[in-house]
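Asker: Model the structure of this input:
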Amino acid sequence: MNEPAQRIVVIDVRIPFVRLILFFIKAALAAIPAAIVVGFLLMLATGLIAAVIGHGGFFVMRQWSF
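Answerer: As a prediction, the model looks like this:
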C-alpha cells in the first residue's frame, strides 16, 4: 500500500470508426430526454421563485391585453 503512484501516459486510442459513430448517436439520443428533464426542473424552479418573490405576474400581463 505504500508503493509510489505510477504515472501513465496514453499515447494512442484505437476505436473503430463505426463504433465511434454509434457512440455519438447514442449520446445524442440520450441527450434529448436529459434536456427535457433539465428543462422541466428549470421550469419548476422558475415557477417556485416567481411564486415566492413575484409581483402578481399573470395579473400584470392581463393589463396589456386589448
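
Asker: And the average pLDDT for the longest helix anywhere in the chain is what?
Answerer: Longest helix of the chain, by residue count under DSSP state H: helix 17-53. Here helix 17-53 scores 93 as its mean pLDDT.

Asker: how about it: buried residues?
Answerer: Counting neighbours by 16 or more other Cβ atoms under 10 Å, one finds that helix 17-53 has no buried residues. Heads up, the C-betas are built off the backbone N, CA and C, glycines and all.

Asker: how far away is Val52 from Gly39?
Answerer: Separation of Val52 from Gly39 (Cβ to Cβ, to the nearest Å) stands at 21 Å.

Asker: Specify the local secondary structure of the residue lying farthest from the centre of the chain.
Answerer: In the chain, Asn2 marks the outermost C-alpha relative to the chain mean, sitting 40.4 Å out by Cα atoms, centre = their mean. Secondary structure state of Asn2, per DSSP: H, G, I helix; E, B strand; the rest coil, is coil.

Asker: I'd like the distance between it and Ile8.
Answerer: Counting by Cβ to Cβ, the separation of Asn2 from Ile8 is 19 Å.

Asker: before we move on, the earlier item: which helices and strands does the longest helix of the chain pack with?
Answerer: Taking 3 or more Cβ pairs under 8 Å, 6 or more residues apart in numbering; DSSP states H and E as contact, there are no helices or strands that helix 17-53 lies on.

Asker: That helix: how far from the chain's middle?
Answerer: Centroid separation between helix 17-53 and its chain, computed with Cα atoms, centre = their mean, to the nearest Å, is 4 Å.
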